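[1] pasting the sequence and the predicted coordinates here, then a few questions.
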Amino acid sequence: MPLPRLSKLELTIMDALWTKGPCSIREIHETFPARKRPAYSTVQTMVYRLEAKKALRRVKKIATAFIFEATVSREAAERKLIDDLLGLFGGRSRPIIAHLIESGSFTREDVREAEKLLSEQERKDDAK
C-alpha cells in the first residue's frame, strides 16, 4: 500500500505518536504548545482521518478513550515528503540543496555526512 500524503497538522499528530508511543486523542492534543493548540475536536477529526488513511490504528480502549499508535514510521513519512518535494522539481535535487546552503540550513557537517552516504551508496552500487 502506498504511503499516505500527510498535511502539516497530520505530521504534528504523527510526531506525538512517534515520540510518545501509543496515545489517546487527549494525550495527542496536550502535546501541542498551549498558544498554538488546535481545538480538541480538530485533533480528533484529524486522528480519525489518519486512521482512515491507515497511518495510525486503534490498539486498545481504556474506559471511553481509544489508544492509537502509528503504523507509518517517521523515516517512511520523511522519505515520502522528500520524494514529493523532489517531484515538484522534476526529480532535480540541486535547487533544493542550493536553497539549503543559501539559507544556512546546510552545514559543513551535513556536507561530510552527505559525502559519507554517497560513498556508501557507490559501494553498494558497485557490489551489484
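    Ah, there it is.

[2] need the residue closest to the centroid of this protein.
    Nearest to the mean C-alpha position of the chain, by C-alpha atoms, centre = their mean, lies Ala77 at 4.2 Å.

[3] give the contact list for that one.
    Leu3, Leu6, Leu11, Met14, Ala55 (C-beta atoms under 8 Å, 6 or more residues apart in numbering). (Each C-beta comes from the backbone N, C-alpha and C, glycine too.)

[4] same question, Val43
    By C-beta under 8 Å, 6+ apart, the neighbours of Val43 are Ile13, Ile25, Ile28, His29, Phe32.

[5] do that again at 10 Å, thanks
    Residues counted as contacts of Val43 (C-beta atoms under 10 Å, 6 or more residues apart in numbering) are Leu9, Thr12, Ile13, Ala16, Ile25, Arg26, Ile28, His29, Glu30, Thr31, Phe32, Arg37.

[6] ok, now Tyr40?
    Ile25, Arg26, Ile28, His29, Glu30 are the contacts of Tyr40 under C-beta under 10 Å, 6+ apart.

[7] reformat those residues as TSV; add pLDDT.
    Shown next, in TSV, are these (pLDDT from 0 to 100):
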residue	pLDDT
Ile25	97
Arg26	97
Ile28	98
His29	97
Glu30	96
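
[8] helices - which of those land there?
    Taking DSSP state H as the definition of helices, the contacts of Tyr40 contribute Ile25, Arg26, Ile28, His29, Glu30.

[9] out of these, grab the one that's most surrounded.
    Among these, Ile28 has the most neighbours (other C-beta atoms under 10 Å), with 23 neighbours.

[10] is it true that that one touches Val47?
    Yes - between Ile28 and Val47 a contact is recorded at 6.6 Å, counting by C-beta atoms under 10 Å.

[11] want to throw the contacts of Tyr40 into TSV with distance to Arg92?
    Below are the contacts of Tyr40 laid out as TSV (distance: C-beta to C-beta, whole Å):
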residue	distance to Arg92
Ile25	40
Arg26	44
Ile28	37
His29	40
Glu30	41
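
[12] tell me which of the residues you listed is nearest to Ile96?
    Proximity of the contacts of Tyr40 to Ile96 (C-beta to C-beta) peaks at Ile28, which lies at 30.6 Å.

[13] spatially nearest residue to the closest one, not counting backbone neighbours?
    Ala16 (4.7 Å; C-beta to C-beta, 6 or more residues apart in numbering).
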